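Asker: Okay, here's the prediction I keep looking at, along with the sequence it came from:
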Amino acid sequence: MAPPGSAHPAFGLGALTLAGGIAGYVRKNSKASLGAGVVCGGLLIASGVMISGDSQYSGHSLAAGTSGLMVLGMGQRFAKTGKFMPAGLVSVLGAASLAYHVKKALEWKD
């Protein structure tokens, strides 16, 4: 059975974040990129699994929290460097994900 549509953003951003972390490590030997990509990407993918199961509220809440951390971390970096890639892009995608998952978590709240 295919995952519900509301899980797709978590899976998509999780995969993109994981791939970005690996790319940062391969291109710049950045262990911080690898660590953040694996942790944040893994949490987003895990939230997609939760949303696909019976834990929609918890899954959306986890995705919102992870997205919020991405916005805070990369938003500070973007403000400091002014470089859109990758900090600005991750901040924008994280903010969109945060807004979406907060909305969906509120829909599933008891």
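Answerer: Nice, I can see it. Numbers count the residues shown, from 1 in each chain.

Asker: does P3 count as helix, strand or coil?
Answerer: coil (DSSP: H, G, I helix; E, B strand; the rest coil).

Asker: any idea how far it is from S33?
Answerer: Computed as Cβ to Cβ, to the nearest Å, the P3 to S33 distance reads 27 Å. C-beta: built from backbone N, CA, C; applies to glycine.

Asker: more neighbours, those two?
Answerer: Set P3 next to S33 and count neighbours by other Cβ atoms under 10 Å: S33 wins out with 19 against 14.

Asker: And G53, its phi and psi?
Answerer: phi -90, psi -140 (degrees, to the nearest 10).

Asker: Quick check: which element contains the residue nearest to it when sequence neighbours are not counted?
Answerer: Of all residues not flanking G53 in the chain, G59 sits nearest, at 7.7 Å (Cβ to Cβ, 6 or more residues apart in numbering). Assigned by DSSP states H and E, G59 belongs to helix 56-81.

Asker: ok and the helix or strand just after that helix relative to helix 56-81, angle-wise?
Answerer: From helix 56-81 onward toward the C-terminus, using DSSP H and E, the following helix or strand is helix 89-108. For helix 89-108 against helix 56-81, the angle by axes from the mean of the first three to the mean of the last three Cα atoms, to 10 degrees is 160 degrees.

Asker: Can you spell out which helices and strands pack onto helix 89-108?
Answerer: Under the contact definition 3 or more Cβ pairs under 8 Å, 6 or more residues apart in numbering; DSSP states H and E, helix 89-108 sits against helix 8-28, helix 56-81.

Asker: just checking, what packs against the shortest one?
Answerer: With contacts defined as 3+ Cβ pairs under 8 Å, 6+ apart, helix 8-28 has these neighbours: helix 31-52, helix 56-81, helix 89-108.

Asker: quick one: the residue nearest the centre of the chain and G82, what's the gap?
Answerer: The structure's the chain has its C-alpha centroid closest to S67; by Cα atoms, centre = their mean the separation is 4.6 Å. Distance from S67 to G82, counting by Cβ to Cβ: 22 Å.

Asker: What of I51?
Answerer: 35 Å.
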